[in-house]
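Participant: Can you look at this prediction? I've put the sequence above it.
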Amino acid sequence: QVQLVESGGGSVQAGGSLRLSCAASGRGFSSYAMGWFRQAPGKEREFVAAINWRGASTFYADSVKGRFTISRDDAKNTVYLQLNSLKPEDTAVYYCAASRGYYSSNSGRYDYWGQGTQVTVSS
């Protein structure tokens, strides 16, 4: 089993940057595909980015492509999400998730979830 704890959220102005971290405890982190999702008030949870278990492949939602970067450091059991050129519509609670299977934009394919970290972008 894997426990996930996100950190790094906060309040920034439009155009600013944040770096989210997701620290994993438990065994086998390097064998998990990892994803980031977000949920804004009154909206459904949506996919943001994912990275495979080797870190060699990533993919992104169209809305964040070119602005956000997902990466992982298996030695530190941590996955990151670099958020650049933030927009007010990026405001949401950001969640990381771990999948025993292949990386996916489908939240149903993830087995473990963190508690989320709030990102607020003001105009």
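Facilitator: In hand now; what should we look at? Worth saying up front: this structure is predicted, and the values here are computed from it rather than measured. Numbering: from 1, shown residues only.
Participant: Using just helix, strand and coil, how would you label Tyr102?
Facilitator: Here Tyr102 is recorded as coil under DSSP: H, G, I helix; E, B strand; the rest coil.
Participant: and it, how many neighbours?
Facilitator: Residues lying near Tyr102 (other Cβ atoms under 10 Å) number 11. Glycine gets a C-beta too; all of them are placed from N, C-alpha and C.
Participant: For it, which non-adjacent residue is closest in space?
Facilitator: In this structure, Tyr102 finds its nearest non-sequential neighbour in Ala33, 6.0 Å apart by Cβ to Cβ, 6 or more residues apart in numbering.
Participant: And for the one you found, the neighbour number?
Facilitator: By other Cβ under 10 Å, the residues close to Ala33 number 24.
Participant: check contacts around the residue nearest the centre of the chain.
Facilitator: Centroid-nearest residue in the chain, with Cα atoms, centre = their mean: Trp36, separated by 2.5 Å. Neighbouring residues of Trp36 by Cβ atoms under 8 Å, 6 or more residues apart in numbering: Leu20, Cys22, Val48, Ala49, Ala50, Ile70, Val79, Leu81, Tyr94, Tyr95, Cys96, Ala97.
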